[in-house]
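S.K.: Compute the structure for the input listed below.
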Amino acid sequence: LVSASAPEWADGRLGLTMAPPADAALGAWEISVGDGDAESGRLKLWVDDLPQHDVPSVESVRISEATNRVAWPVSVWSLMDRPGLVTGFGVALRKGQSVVFDLSAQRLGAKGDFQLTVLDAHGRTVASNDSVAGQPDPALVLTVPADGDYHVRVSEVTYAGSPDHYFRLSCGELPFVTGLFPSSVPAERGGAIQLYGANLPDDGRLVLPGSESGEHGLPEPARSWRSRRDWKVLSTEDPVRTEAEPNDDPVSANPVPVPVVMNGQLGSAAGALPADVDGFRFPARQGVTYALETTASQRGSLADTRIT
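M.R.: Model (predicted):
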């Protein structure tokens, strides 16, 4: 990042306008102040490709009087600097839109346990969320049920407030990645992967080229799509296989070579199978020690795996 203007002192504060390079990655950059000999603590400065809009918080009893309206897509910022405040704004939506609401607070270093609620013009709750997959910052993907005006409301669940209770809410028909499969491809030739989420071009299908062994981030444009994590795919020299159903018992277990990297899914995108088990069988020799390891949560999966 480079300063686009000279520093300006006003009321004991130093004001800067920062300009990121055209090819700057989205996300957190660090900024500090120094004199050549010493450096201050570092603060995060977030680079975004959405318009930024400040919406003031109000007393909760006055939320129905809030007149703030925003245009999509947008990143809304708000501060709840004392207890009992609520942030709200209105937006016009169309039936069938897939709208992403992604709130960042603790991910930004802020305090606060926030709840995100979308209400229709009659004040009825359409959707609400206060956390996602163990992450305290809420998110919603809403398929709009009808044309009309909607109200987006953010509240602090514990009714707390301070100068550190702030958040950013990114909203719109944004490409939003929530998962991928498979998570491993052959290093020599690469392979196809499927991204899951909302508003993904080409239905989320990507073809990764061959690459060196190791973990690799998603290529552009997928790398710039919004997500809760930095998704990576493992390129490996070992044989790569994908499980084939049915394989829920020893009789139907998939035969695999050794060594091998297996890609498996418990359940399916079409509908979870309540008792899905993935079984594999491999040739083993007496006296040889074999290592079996699963990677699930490390790659963003919600699965809590067990090897038997």
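S.K.: which residues touch L195?
M.R.: 177, 179-180, 204-206, 218, 222, 231 (CB atoms under 8 Å, 6 or more residues apart in numbering). From N, CA and C alone the C-beta is placed, and that goes for glycine too.
S.K.: and these, which are buried?
M.R.: With burial judged by 16 or more other CB atoms under 10 Å, the buried subset of the contacts of L195 is 177, 179-180, 204, 206, 218, 222, 231.
S.K.: these two touch, right, D149 and V91?
M.R.: Yes. Contact criterion CB atoms under 8 Å: D149 and V91 qualify, at 7.4 Å.
S.K.: Which of the two has more residues huddled nearby?
M.R.: V91 (18 against 12; other CB atoms under 10 Å).
S.K.: That one: which element?
M.R.: Secondary structure from DSSP states H and E places V91 in strand 85-93.
S.K.: Check the offset of that strand from the chain's centre.
M.R.: Taking CA atoms, centre = their mean, to the nearest Å, one finds the center of strand 85-93 at 22 Å from the center of the full chain.
S.K.: Stretch 156-173 too?
M.R.: 17 Å.
S.K.: Quick check: buried residues in it?
M.R.: Quick answer for stretch 156-173 (16+ other CB under 10 Å): 156, 160-161, 165-173.
S.K.: low-confidence ranges in this structure?
M.R.: Along the chain, the parts satisfying pLDDT under 70 run over 1-7, 61-67, 268-274.
S.K.: Just want the most central residue of it.
M.R.: In the chain, the residue lying closest to the centroid (CA atoms, centre = their mean) is R228, at 1.8 Å.
S.K.: Touching, that one and Q135? I think so.
M.R.: Yes. The pair R228 / Q135 is scored as a contact, 6.4 Å apart, by CB under 8 Å.
S.K.: Break down the stretch 201-308 of the chain into its strands, ranges please.
M.R.: Remark: strands assigned in the stretch 201-308 of the chain by DSSP state E, counting those that start in this stretch are 205-208, 214-217, 226-227, 232-236, 240-242, 254-255, 261-263, 280-281.
S.K.: Given the last one, what are its sheet partners and their directions?
M.R.: Taking DSSP bridges as the criterion, strand 280-281 pairs within the sheet with strand 254-255 (parallel).
S.K.: Need the residues that contact the strand it pairs with.
M.R.: Strand 254-255 is contacted from outside by 241, 243-244, 247, 262, 278-282, using CB under 8 Å, 6+ apart.
S.K.: what does stretch 100-110 give?
M.R.: Outside stretch 100-110, the residues that reach it (CB under 8 Å, 6+ apart) are 44, 46, 111-112, 114, 116, 118, 135-142, 152, 154, 164-174, 176, 198-199, 226, 228.
S.K.: CA atoms of it as CSV?
M.R.: Extracted in CSV, the C-alpha atoms of stretch 100-110 (Å, rounded to 0.1, in the frame of the first residue of the first chain):
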residue,chain,number,x,y,z
VAL,A,100,-25.0,-13.2,0.6
PHE,A,101,-24.7,-11.4,4.0
ASP,A,102,-21.2,-12.0,5.4
LEU,A,103,-20.4,-10.3,8.7
SER,A,104,-16.9,-9.8,9.9
ALA,A,105,-16.1,-8.7,13.5
GLN,A,106,-13.9,-11.0,15.5
ARG,A,107,-12.2,-11.9,12.2
LEU,A,108,-11.2,-8.2,12.1
GLY,A,109,-10.0,-8.1,15.7
ALA,A,110,-13.2,-6.5,17.0
